[in-house]
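Enquirer: Compute the structure for the input listed below.
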Amino acid sequence: MEIKKILTIAGSDSSGGAGIQADLKTITSYGYYGMSAITAITAQNTMGVQSSLAVGREMLFMQLKSICEDILPDAVKIGMVANPEQVEVITEFAEKSLKNVPLVLDPVITSTSGFTLVPDDTVEKMKEILFDKAALITPNLIEAGIIYGKRVENLDEMKEVANFLYEKYGSAILIKGGHLKDSKDDVLCYDDGIFVIEGKNISNKNTHGTGCTLSSAIACELSAGKSLLEAVTSAKNYLTGAIAFGFDIGKGRGPLYHMYKLSDKNEN
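Expert: Numbering: from 1, shown residues only. Below you'll find the predicted structure:
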């Protein structure tokens, strides 16, 4: 069995529910080998983000250099990018060392609790130089609205915005419908057309880290050579299972249980 190597470039979540920690748990659940380049250290828990500290440009560069010179990844997930300088560093590697590696970009802008993780100038820099390097960009409704410049509130608007962003940046777009009231459907737009990927409404408030988890799962699926539609559909199924497990820790909105598939194996 070939063990795929997946790199996550993201922030650290001290409570383990999102960011680097969620990514590595997801990668491990797939049976793959996870590596990380940390962009920021955050103090957070199930009740929200209390503080965030960005890693310096040079340190991020050296993390990526060390990885790419020794263990070239089969796929990359990019999450929280703290400032424009970090965008420039990541783009440099995307253009050179990681040029032929599928990049899944989850444009983390705000936390679920409303804490602003990424300032406007960073978002603009991503749009300017990084978006077109991604195989797939995965904004949620709020993030898609910020990128597009107008609120996105229903399935028709998701289709419209996904198509607009796809044509503008040339990268596949997945707009996640986790914030929709009546469904949890996602919209995927790429070369083959626009697809609605149906999602289940699960009665579970504990959804901390869903975006991180989904994008990491998609990176794992793409590393195995699946098409975008297959990769997104399969990753969404994995995410649904992690939510449906019903894990419940902490005083606020808790995390998923990423290892539920391993639990099933242990029980059998």
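
Enquirer: For the top strand by length along the chain, buried residues please.
Expert: The residue-count maximum for a strand in the chain (DSSP state E) belongs to strand 33-45. Within strand 33-45, the residues that count as buried by 16 or more other Cβ atoms under 10 Å are Y33, G34, M35, S36, A37, I38, T39, A40, I41, T42, Q44, N45. All C-beta spots, glycine's among them, are computed from the backbone N, C-alpha and C.

Enquirer: residue contacts, the fifth one?
Expert: With contacts defined as Cβ atoms under 8 Å, 6 or more residues apart in numbering, the neighbours of A37 are L7, T8, I9, L60, Q63, L64, I67.

Enquirer: Name the nearest residue to it, sequence neighbours excluded.
Expert: Nearest residue to A37 in three dimensions, chain neighbours excluded: Q63, at 4.0 Å (Cβ to Cβ, 6 or more residues apart in numbering).

Enquirer: ditto for the last one
Expert: Leaving out its chain neighbours, the residue that sits closest to N45 by Cβ to Cβ, 6+ apart is S15, at 4.4 Å.

Enquirer: returning to what we had before: thought G56 was touching the residue nearest to A37, still the case?
Expert: No - assessed by Cβ atoms under 8 Å, Q63 is found out of contact with G56, at 10.7 Å.

Enquirer: Neighbour count for these two, which is higher?
Expert: The neighbour comparison of Q63 against G56 (other Cβ atoms under 10 Å) goes to Q63, with 19 against 12.

Enquirer: Let me know the angle separating the one helix or strand that one maps to from strand 33-45.
Expert: Using DSSP states H and E, Q63 sits within helix 57-70. Interaxial angle, helix 57-70 versus strand 33-45 (axes from the mean of the first three to the mean of the last three Cα atoms, to 10 degrees): 160 degrees.

Enquirer: which helix is the longest one in this structure?
Expert: Using DSSP state H to define each element, the chain has its longest helix at helix 228-244.

Enquirer: tell me the mean pLDDT for it?
Expert: For helix 228-244, mean pLDDT rounds to 96.

Enquirer: V196: which of the contacts of A37 is nearest?
Expert: Closest approach between the contacts of A37 and V196, by Cβ to Cβ: T8, at 27.7 Å.

Enquirer: Send me the longest strand of the chain as PDB with only the CA atoms.
Expert: The C-alpha coordinates for strand 33-45 follow below in PDB (Å, rounded to 0.1, in the frame of the first residue of the first chain):
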ATOM      1  CA  TYR A  33       1.300  10.700   6.500                       C
ATOM      2  CA  GLY A  34       0.700  14.200   7.600                       C
ATOM      3  CA  MET A  35       3.200  17.100   7.600                       C
ATOM      4  CA  SER A  36       2.700  20.700   8.700                       C
ATOM      5  CA  ALA A  37       3.900  24.300   8.200                       C
ATOM      6  CA  ILE A  38       2.400  26.500  10.900                       C
ATOM      7  CA  THR A  39       1.300  30.000  10.000                       C
ATOM      8  CA  ALA A  40       0.000  31.200  13.400                       C
ATOM      9  CA  ILE A  41      -0.500  30.100  17.000                       C
ATOM     10  CA  THR A  42      -3.900  30.700  18.400                       C
ATOM     11  CA  ALA A  43      -5.400  30.500  21.900                       C
ATOM     12  CA  GLN A  44      -8.800  29.100  21.400                       C
ATOM     13  CA  ASN A  45     -11.400  26.600  22.700                       C
END
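
Enquirer: and that strand, which strands flank it?
Expert: Next to strand 33-45 in the sheet, as set by DSSP bridges, lie strand 5-13 (parallel), strand 48-54 (antiparallel).

Enquirer: Averaging pLDDT over each of the ones you listed, report the lowest-scoring one.
Expert: strand 48-54 (a mean of 92).

Enquirer: C-alpha coordinates for that strand, CSV please?
Expert: In CSV, the C-alpha atoms belonging to strand 48-54 read as follows (Å, rounded to 0.1, in the frame of the first residue of the first chain):
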residue,chain,number,x,y,z
GLY,A,48,-14.1,31.0,20.6
VAL,A,49,-10.7,32.4,19.7
GLN,A,50,-9.0,34.4,22.5
SER,A,51,-5.8,35.4,20.8
SER,A,52,-3.7,34.9,17.6
LEU,A,53,0.0,35.3,16.9
ALA,A,54,1.4,35.1,13.4
